[in-house]
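Here's my sequence, what's the structure:
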Amino acid sequence: MSGVPVRQSSMTIGAAVPSLVRWRLSSDADLVFRTLATMGAHHARELARELGLPCRRVDGALAELRTAGAATPRPSGNRHGPIWQARPPVEVVATLQRRQLRLVDQDEQVRSHHAAVTAVADRQAVIGDGVRYLPTRVLTRRRLAELMDAERSEHLVINTEQSFDAASAKAGAPLGRRVVERGVRIRALGLPPADQDLHVDAELFDQPFFSYREAPAMPMKLLVIDRRIALFPADPADLERGYLEISQPGVVRGLVLLFEHHWANATDPREHGVQDIVLTDRERELIALLARGHTDVSAAAQMRVSARLITKMMRALMDRAGVENRFQLGLALGAARHMPSPAVAEKEEQ
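Model (predicted):
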């Protein structure tokens, strides 16, 4: 249409927008950033109208984004005020990482490991038997699989990596799922990941016996099986040199106390993230129809259900996504790659 400016988005349509809430920005700032990143530059009042938010909340969110270096204003030459443009999400995340994520000092991590082991060992007059050396990671994974298959009550984990290699991730995920499916409780501690995404098997988060927390520092890499057996790297600077398996009760108790201390001071990162949205087959069909331009009535006809049911389905989706209107739902679904377009147009029933 002539005379209508073309909005330039800072990203490809359908690409995922990382959550800024994870980097301690407000949910309003995250929502406004998603809108700018997927829909292109907007005036503040346009954002307020499309998102269904009060102007004061949009203004606050834009000020927060400007301070964080996530969005910048440029003069518009009219009474509506400046036009706000999002920086590319990859650049924004990189900036926030540098500001807020403290990457682990590997030398400090080695010192922390030795200090933790020494402190536990020093509390025992005699270590005695109950120490087994597993000389390689392959043997360690094999032994860990045996122990987890026999596990009955609780599995404690401290991870000191901020990213995982493919082999470790592939080996660990099935073991964890099998354990929680048997009703064994898993509690896992980790460092904030270097790529801002949770490095935990997503399926585990749906399990009632799984809990995960993060903290900016961890004392050592550790696994404890049923509070009876503990495993930790023989050399924290080189995991390929294998692990020590400890079954001496006093040492294991000390390592459990170490875990509990850090667990009490860690937090669940999902409290600062975007809730995942899992769609049923019928919901995916509905979203696809609405994204192609159908109204509630025409979508209902295609799906052979009532328009009232379509409205109820959309309301339920908005409640699950924690959003207030269909525009916000479209942004959430687009970010989760559930639809090819970043917005579900709000259409009146015909």
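
Quick check: pLDDT value at A299.
The predicted local distance difference test score for A299 is 90.

That one falls within a helix, correct?
Yes - according to DSSP: H, G, I helix; E, B strand; the rest coil, A299 belongs to a helix.

burial count for it?
Residues contacting A299 under the criterion other CB atoms under 10 Å number 23. (Each C-beta comes from the backbone N, C-alpha and C, glycine too.)

Kindly report the same for W84.
Counted with other CB under 10 Å, the neighbours of W84 add up to 25.

please begin residue numbering at 2 from this point
Happy to do that; since the first residue is 2 now, the last one works out to W85.

following the helix or strand hosting it, which helix or strand shows up next?
In this structure, W85 sits in strand 84-87 according to DSSP states H and E. Using DSSP H and E, the helix or strand that follows strand 84-87 in sequence is helix 90-101.

can you dump the C-alpha coordinates of stretch 233-252 into CSV?
Extracted C-alpha coordinates of stretch 233-252, given in CSV (Å, rounded to 0.1, in the frame of the first residue of the first chain):
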residue,chain,number,x,y,z
PHE,A,233,33.7,-36.9,41.6
PRO,A,234,36.5,-36.2,39.1
ALA,A,235,39.9,-37.5,40.1
ASP,A,236,41.4,-34.5,38.3
PRO,A,237,38.9,-31.5,37.9
ALA,A,238,41.2,-30.0,35.3
ASP,A,239,40.9,-33.1,33.1
LEU,A,240,37.7,-35.1,33.3
GLU,A,241,39.1,-37.7,30.9
ARG,A,242,41.3,-39.0,33.7
GLY,A,243,38.3,-40.5,35.3
TYR,A,244,36.5,-40.3,38.7
LEU,A,245,36.8,-41.5,42.2
GLU,A,246,33.9,-43.6,43.6
ILE,A,247,33.5,-43.1,47.4
SER,A,248,31.4,-45.3,49.6
GLN,A,249,33.0,-44.4,53.0
PRO,A,250,30.0,-43.2,55.0
GLY,A,251,31.6,-40.2,56.7
VAL,A,252,32.9,-38.8,53.5
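
Now do the strand holding W85: everything it contacts.
With contact meaning CB atoms under 8 Å, 6 or more residues apart in numbering, strand 84-87 is reached by 9, 11, 34, 37-38, 41-45, 48, 63, 66, 71-77, 93.

Buried ones in the helix or strand encompassing R283, by neighbour count?
For R283, the host element (DSSP H and E) is helix 282-292. For helix 282-292, the neighbour count (16 or more other CB atoms under 10 Å) marks 284, 287-288, 290-292 as buried.

What is that helix packed up against?
The contact analysis (3 or more CB pairs under 8 Å, 6 or more residues apart in numbering; DSSP states H and E) places helix 282-292 against helix 297-304, helix 308-322.
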